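J.: sequence isn't available, so here's the structure alone:
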């Protein structure tokens, strides 16, 4: 339920109403002149309370704090080297799937930067389907990643899989990535919600739009409002030629419902390098605020996800084209 | 199984081999210097036969006649007012979902043409989920559609749902559309395969890439090689905010496997007009050879699919942007 | 919209109301004391009309003629050797995927009958994904199938794929089967709807419950109310170890919404013979009115779908167990 | 890769081979006379090594420790009041979705026991889609649940969402439940894998059979082999009348691939109480080793998942029927 207050509502009455609702008990979230009471559908108002209320809407949106209803303007996330979200900003994030060595991540950072990326990606703790697959270099990987980013004037994004690692990883990264498998790991979402480090939340393989928004609300409810939403493909029957199905319509849908920046990940969406460039073109054209891609100089020997990695030359050509499409689109607005 | 013949293969030996294989019995399709034998996996060759054979490949692709293996160059379909497929050609198709009246389709044809469309769409026989929904104007609708197209110098695309209508509709249309629900209506596919009218084959809601290619082969096997493949969204769990999931990665996948032009249908993919423009942008950026969209001047009173129709102004702006993206992409090649 | 008439409604007023609604224009279906007007959501009633009306319900169910709302009692389909639907009836249908020869279908009929089947299945016209796969024996196959059924005192079910074959096949079969790929081949549905031959309608691979019910309504609206609904597995991401996902919850859902008998097809649902028996157990336990399974004495050399065929011994054991579960369940009611 | 050793293999050579493979580096798991090396596909063997090897199989199964290949006999999990897995054992687990109060869980335990359940379920930490939904009573809930189970001579199963809660919850429960949303929360899987408390692992909404088996391997690799696999419905396009699609074919598929007991959860699979009984019938008939269901005496006021809870009378009737089907099936074997 949403209670829209009148512009001139008596503050004492409003405070009383909130207290009364909280005692029922219910969660009451005040955003400017709205009260959102997510689990409640009706309320009886006293005459005094009614005098303060403009409208009562039965349905609460999936993400209250993330909703455009209460914050029409875009969330813009400012990092040392990047601005994510808002008109006219397009952020490229690139790097290897896994941090493989100090030298390798440095080499990839140089390529990433040359192609226009301002955020360096790389996994130090890897969520692998099998326990026998490479699980990442751990803290050493974080150090190599940070040093490589610093050398080339980039920000860092890396995955956190475990609430006990939140503090450790926060010392090295500018953005936490929550992977698709952890989209509804609510303990982890609460943990990053208590930090002030921006969070890039990936949509789960079976995550509906509302599930993703609700998951973002776990982070926001903890006080951390610097959230990006990542579309990376969903699981459907169509999985012979592509790893997942890239749901690009999620970009405008999420932008309509929420003020958070929406980022696309063509690499995981398709899983095959030669499909990444056309899907990167489609991704920027869908209106996303940014893109995250995997690169590798020797994909056949990559520690993880080699088949979807772009070689440096292909990456350079791709980003040039992506920025050209973005520039064209900016000229329309 | 595919038998690749040597460039200098003795034609008499080849003819003998084909006859021998056909007698097993098996289907043998000769395309230049390849023999495709779809249902067979191994063959014993005599010494003489072996001398004519360069290589034997166990696996036959889903669509033999549609495969890039045997025809690397793009299929290009030439209509009086349009060229579909091939480098540098991008075809816009637009019109109302249903032909509603002579005057209305004429009005919509004028808008479609003004926005750069060269093919006019409109349904005279409608496949509706419920038998109680509007089923189309029938032959009168075909006439109105043809006249409107002729007046504005456009080609016609319209759906055929019924093999008994093939001859009738062929008198009015330049392109048959096979709808998603009929992708595996093999009797219908065979019927249009016997005509020389180009066919636009829509991917079914549960159609895999291979299913679509196999369905196209039913048409091609009848002798009609003028085929376009249409991506219009697949059915997935994600269906609250969009009618279907637009699988744009199918565009480069189909282009890699097949030489037929690939067309995208953002209207049916998303089902909501305000998502059509971003998905049209994404669709052209994915590299498709063309696009088909629904337009209506009064969507609330449309006979069918009103919510997904673009109003004329929105359509005009959308096509201008789509052609601009296409022009930019042409400059890269 | 549904208009529920009062028990004592003035018949003249009702006739007038129907005429007035039809002229709007709208489809009006009268079932006892209900008027269903599928495409309309509201109506203004005159005072006289209002006096005849007990209630107006905004929403029309997917299948009006198939709905429990208007016909609470089960549809029971009586064939010469079988009763399908209704309490206490459980119908086994079995036979080869394709009719392969006169001798073979006779042999399979004997097995089917021995296992308790009263309906013999077998395809003479086969819907194959590839045009190069075996397409069936055609009319010769129909003859062999009919003769085999007659010899063993069984009814026949066989697939019709083509409206031009409806009359031909009607001469040989007791039940038309509409395959999953043709669930929304509306021309075909209309054609069988005009006959008085019972129809077994298979759910499409992407067919929702409402789609299936709407498809059944195409048949019923033509006057043929002898309809069975077949659950045969839907297409989902989970397709490595089973061909489809057997959606057994569809059985009680369909039984709640509709009065038509619901039949399960474990063979196509899983596609692997060793999973058929447990899924046959689950199928009967779900409360279905019958079951259709594929059998073959030499699955490795079957003309189609060999991997899912039960050998005679396995089939005999399976049906004995299925009937035992059914008998146990009958003892509860 | 799997290396099958000869029965009389020289142990010194085997030890040397293992050491050599581990140094490459690779994971080597020895199970009786097999070596599984999951990430490796080929190996060159010295003449001496080859003399110890019977066969080399390229493909490693998804779950090495869970595979029937190396342990043909069923895993049987013995709890104080229950035996889970193995021929002739069928375990009923029942209780409220959430522990709501000391008195309520006691009341529900009495009902659960009366219906034949030997394991009491109840959530004290709840994974809720929205952060504003009831999140569970926490440790107080665990105490109430334990006391209720003890009073009625039952075992306890309850969900653990958070690796930091593993030790706490272990003090109260007999079985950890890992929820569908955490199926690939690898940190949590590793944490419960280090305990000696049995684990019931729920299949994720987009979890393939192989994903589920790989997830179980994270637990087993830590040393905890007391694992049950839970089928609770997957997410598909068919979600209007049921919350999920109950994939019962997963039961025989998992039983074929793995030796762990397979349990079905009809309550979450369908989400509507009136569909639970037929799906419970189907579930036991599919051959599952047990079942977990939700019960509530006042579903409309349940703290969570009320619509899917069985009232006591319905539950009692359902379990009686389920045990009767199981008894019938036992008579066949």
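T.: Looks like it came in fine. All figures in this text were calculated on a predicted structure; none of them were measured in a lab.
J.: now the helices for chain A?
T.: With DSSP state H as the criterion, chain A has helices at A:11-22, A:47-52, A:102-114, A:139-151, A:166-170, A:186-193, A:209-221, A:250-257, A:266-270, A:273-285, A:312-330.
J.: mean neighbour count, the ones you listed: which tops it?
T.: helix A:266-270 (a mean of 28; mean count of other C-beta atoms under 10 Å in any protein chain shown). C-beta here means a position set from N, CA and C on the backbone, and glycine is covered the same way.
J.: ok, the residue in the stretch 1-150 of chain A positioned nearest to chain C - contacts?
T.: Nearest residue of the stretch 1-150 of chain A to chain C (C-beta to the nearest C-beta) works out as residue A:129 at 13.6 Å. Residue A:129 is in contact with D:184, D:210, D:211, D:214, counting by C-beta atoms under 8 Å, 6 or more residues apart in numbering or on different chains.
J.: phi and psi next, for it.
T.: The phi/psi pair for residue A:129 (degrees, to the nearest 10) reads phi -50, psi -40.
J.: can you name the residues of the stretch 101-250 of chain A sitting close to chain C?
T.: A:235, A:236, A:237, A:239 (C-beta under 8 Å from any C-beta of the partner chain).
J.: identify the farthest-apart pair in the residues you listed.
T.: A:235 and A:237 (8.9 Å; C-beta to C-beta).
J.: more neighbours: which of these two?
T.: Of the pair residue A:235 and residue A:237, residue A:235 is the one with more neighbours under other C-beta atoms under 10 Å in any protein chain shown, namely 27 against 24.
J.: for the more buried one, give me the pLDDT.
T.: As predicted, residue A:235 sits at a pLDDT of 97.
J.: for it, grab phi and psi.
T.: phi -90, psi 120.
J.: what sits against it?
T.: Contacts of residue A:235 (C-beta under 8 Å, 6+ apart): A:205, A:206, A:244, A:245, C:237, D:206.
J.: ok, now which ones touch the nearest residue to residue A:84 once chain neighbours are set aside?
T.: Nearest non-adjacent residue to residue A:84, counting by C-beta to C-beta, 6 or more residues apart in numbering or on different chains: residue A:77, 4.3 Å away. By C-beta under 8 Å, 6+ apart, the contact set of residue A:77 is A:83, A:84, A:85, A:198, A:226, A:228, A:261.
J.: if we only consider those residues, which is nearest to residue C:331?
T.: Scanning the contacts of residue A:77 for proximity to residue C:331, where the rule is C-beta to C-beta, the winner is residue A:228, at 59.9 Å.
J.: residues contacting the residue of the stretch 151-300 of chain A found nearest chain B?
T.: At 3.6 Å from chain B, residue A:285 is the closest residue in the stretch 151-300 of chain A, using C-beta to the nearest C-beta. Residue A:285 makes contacts with A:325, A:329, B:278, B:281, B:282, B:284, B:285, B:325, as judged by C-beta under 8 Å, 6+ apart.
J.: tell me which of those residues is nearest to chain D?
T.: Of the contacts of residue A:285, the one sitting nearest to chain D (C-beta to the nearest C-beta) turns out to be residue B:282, at 22.1 Å.
J.: show me the one of the helices of chain A that comes nearest residue B:9.
T.: Of all those, helix A:273-285 comes closest under C-beta to C-beta, at 32.6 Å.
J.: counting neighbours, what do you get for residue A:134?
T.: 16.
J.: pretty sure it contacts residue A:302?
T.: No. Residue A:134 lies out of contact with residue A:302 (C-beta atoms under 8 Å); the separation is 9.8 Å.
J.: shared neighbours of those two, which are they?
T.: Joint contacts of residue A:134 and residue A:302 (C-beta under 8 Å, 6+ apart) are residue A:98.
J.: pLDDT score for residue A:31?
T.: 88.
J.: specify the beta-bridge partners of it.
T.: residue A:34 (DSSP bridges).
J.: what's around it, how many residues?
T.: 14.
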